[in-house]
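Peer 1: Okay, structure incoming, though there's no sequence with it:
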């Protein structure tokens with residue numbers, strides 16, 4: 001599920017503010033803060049995915065299509081376990 005926290009994290013990684021992202025993509029100010037309560041259009045979701053150079057599935061679910069969710073945090077911990 002697409003959440004404000006996901007968008008915020010992606011913005012931090014890219015070095016852009018939420019307000020700056022909204023302005024660049026032509027979204028209304030404050031619209032991204034409401035993604036938890038108001039379901040965004042597919043057009044908005046696609047614009048966000050394109051901006052961050054990730055797939056829509058990765059943006060919405062946090063993983064690529066066919067990618068398994070890892071039980072452990074990283075490969076080192078998996079090897080230890």
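Peer 2: Yep, it's here. Because the structure is a prediction, the values reported are computed rather than measured.

Peer 1: Where does pLDDT dip in the protein?
Peer 2: Within the chain, the segments meeting pLDDT under 70 span 63-74, 81.

Peer 1: at 90 instead, please
Peer 2: 1-5, 35-40, 57-81 (pLDDT under 90).

Peer 1: how about the helices in it?
Peer 2: Assigned by DSSP state H, the helices in the chain fall at 4-14, 18-25, 42-52, 56-61, 75-80.

Peer 1: Figure out which of the ones you listed is closest to residue 34.
Peer 2: Smallest distance to residue 34 across the helices of the chain (CB to CB): 8.0 Å, for helix 4-14. C-beta coordinates here come from the backbone N, C-alpha and C atoms, glycine included.

Peer 1: now that closest one, how far from the centre of its chain.
Peer 2: The chain centroid and the centroid of helix 4-14 are separated by 6 Å under CA atoms, centre = their mean, to the nearest Å.

Peer 1: Next: stretch 44-54.
Peer 2: Here the centre of stretch 44-54 is set off from its chain's centre by 8 Å, with CA atoms, centre = their mean.

Peer 1: Buried residues of it, list them for me.
Peer 2: Using 16 or more other CB atoms under 10 Å as the test for burial, stretch 44-54 gives 44-45, 47-49, 51-52.

Peer 1: Tell me the one among those nearest to residue 9.
Peer 2: Ranked by distance to residue 9 (CB to CB), the buried residues of stretch 44-54 are led by residue 52 at 10.3 Å.

Peer 1: Nearest residue to the closest one in space, please, no chain neighbours.
Peer 2: Distances taken as CB to CB, 6 or more residues apart in numbering place residue 10 nearest to residue 52, at 5.1 Å, with adjacent residues excluded.
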